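>>> got a predicted structure here, sequence first:
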Amino acid sequence: MNILERLEKGPVIGDGGFVFSLEKRGYVKAGPWTPEATVEHPEAVRQLHREFLRAGSDVMQTFTFYASEDKLQNRGNEAAKDYGVRDINEAACKLAREVANEGNGL
């Protein structure tokens, strides 16, 4: 089922916020740039996606907020030394798709 078919059935529920949930669990510190958690802590991000799915989310959104080359370079983030934006975005997409496929998520 695609998003348009799902929308015809009624309301579509998105997932929740990642940063503060992951911060409470000690994986990231909320700040200007945090999507490196998709590479550094994939199991934590995967688990959070699963929790959103169990809570009724129809759409798994990727944890890619601020995951762009300019943001990575301009923030002087230490993650830039270890991996790039492509690594982070690919990991985020893979995790979201993996969990969506475990249920009826998009």
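Looks like it arrived, so ask away. Fair warning: this is a prediction, and the values are worked out from it, not measured in the lab.
>>> report all helices and strands that the particular helix or strand that has residue 89 in it contacts.
Element membership for residue 89, per DSSP states H and E: helix 85-102. Counting contacts by 3 or more C-beta pairs under 8 Å, 6 or more residues apart in numbering; DSSP states H and E, helix 85-102 is packed against helix 37-40, helix 42-54. Quick note: C-beta positions are derived from backbone N, CA and C, even for glycine.
>>> wait, which of those is closest to residue 6?
Closest of these to residue 6 is helix 42-54, at 14.2 Å (criterion: C-beta to C-beta).
>>> now do that closest one: everything it contacts.
Among residues not part of helix 42-54, those counted as contacts by C-beta atoms under 8 Å, 6 or more residues apart in numbering are 15-16, 18, 21-22, 25, 27, 37-38, 60, 63, 91-92, 95-96, 98-100, 102-103, 105.
>>> if you set the cut-off to 6 Å instead, what comes out?
15, 16, 21, 27, 37, 38, 60, 63, 95, 99, 103, 105 (C-beta atoms under 6 Å, 6 or more residues apart in numbering).
>>> filter those residues to the buried ones?
For the contacts of helix 42-54, a neighbour count by 16 or more other C-beta atoms under 10 Å gives the buried set as 15, 21, 27, 37, 38, 60, 63, 95, 99, 105.
>>> tell me the contacts of the second one?
Right, the one you point to is residue 21. For residue 21, the contact set (C-beta under 6 Å, 6+ apart) comprises residue 48.
>>> quick one: it from residue 11, how far?
23 Å (C-beta to C-beta, to the nearest Å).
>>> do the same with residue 66
28 Å.
>>> of these two, who's got more company?
Using other C-beta atoms under 10 Å, the more surrounded residue of residue 66 and residue 11 is residue 66, with 18 against 7.
>>> and the more buried one, that's in a helix?
No. According to DSSP: H, G, I helix; E, B strand; the rest coil, the state of residue 66 is coil, so it is not within a helix.
>>> ok, now how distant is residue 36 from residue 57?
Taking C-beta to C-beta as the measure, residue 36 and residue 57 are separated by 23 Å.
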